[in-house]
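> kindly generate the corresponding structure for this input.
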Amino acid sequence: MVSRTCKQLKMDVTELPDGKTKSKFDCSSDSLLLERDVLDLDGDAQVEISVFKRGDEIDVEGSVSFVCYLECSRCLKRYKTNHTERITVYYRKAGAVPACREVELTKVDALTYSYDDNVVDLTSSIRDAILLFVPMKPLCSPECKGLCPVCGMDLNQGKCLCSREKADARWEALKDFRR
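Numbers count the residues shown, from 1 in each chain. Predicted structure coming up:
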């Protein structure tokens, strides 16, 4: 197993032996082109992949493990979470896939990228795997009670004294008609 620090996630296809090669390396946010305002990684992402080469066909399978900070969509607190995401991606030399043909795409086709100049770039595949993990509405816990809509108090820390009954002003005139 090869272990190296990630500076660029580019593999020269001509230097890869035919068959299976395992690789393990760490990637920083900068090397993955991840902006901190998009996703704040705590340290480097650890990548373990197996590369299968058959001529010009490159198949990559593995995982990326990372720790990141997210902001809870209910209470707005920043929390830390760790995650491991599977990666499966296929690379084919540009021109090997026929273009301008009407065909039904398979699951493999959706995961297939083309490469030029004998260089396979894993950056976008690994970055996409990390970004697809980020939930649309992150929660610090499923039981998070959020913030009071009146005073803004964190309801996870206790009850607030606000009256949550807020009457619609349009109905105020009808209170006089009560008997």
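
> pLDDT below threshold where in the protein?
Residues of the chain meeting the criterion pLDDT under 70: 1-8, 95-101, 105-106, 164-167, 178-179.

> got the domain ranges for it?
2-144, 145-179 (automatic domain parsing).

> could those go into CSV alongside mean neighbour count?
C-betas here are computed from N, CA, C, even on glycine. Formatted as CSV, these follow (neighbours: other Cβ atoms under 10 Å):
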stretch, mean neighbour count
domain 2-144, 14
domain 145-179, 10
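
> who touches residue 76 in this structure?
residue 147 (Cβ atoms under 8 Å, 6 or more residues apart in numbering).

> that one: what secondary structure?
Assigned by DSSP: H, G, I helix; E, B strand; the rest coil, the conformation of residue 76 is coil.

> all the helices of this protein, residue numbers only.
Remark: helices assigned in the chain by DSSP state H are 107-110, 123-133.

> spatially central residue in this structure, please.
residue 131 (1.9 Å; Cα atoms, centre = their mean).

> the closest residue in space to residue 66 that isn't next to it in sequence pairs with what?
Excluding the flanking residues, the one nearest residue 66 by Cβ to Cβ, 6 or more residues apart in numbering is residue 45, at 4.0 Å. Beta-bridge partners for residue 45, by DSSP bridges, are residue 27.

> equivalent analysis for the one 5 residues further on, please.
Partner residues in beta bridges with residue 50, using DSSP bridges, are residue 22, residue 61.

> contacts only, for it.
Contacts of residue 50 by Cβ under 8 Å, 6+ apart are 20-23, 60-62.

> redo that, cut-off 6 Å
Contacts for residue 50 were tallied using Cβ atoms under 6 Å, 6 or more residues apart in numbering; they are 20, 22, 61-62.

> which of those lies closest to residue 108?
The shortest approach to residue 108 among the contacts of residue 50 belongs to residue 61, at 12.3 Å (Cβ to Cβ).

> what ranges do the strands span in this structure?
2-5, 10-12, 19-27, 40-41, 45-54, 57-71, 78-93, 112-115, 119-121 (DSSP state E).

> tell me how far residue 161 lies from residue 148.
Distance from residue 161 to residue 148, counting by Cβ to Cβ, to the nearest Å: 9 Å.

> same check on residue 172?
For residue 172, the distance to residue 148 - Cβ to Cβ - is 23 Å.

> then residue 110?
44 Å.

> now do residue 127
Taken as Cβ to Cβ, the span from residue 127 to residue 148 is 38 Å.
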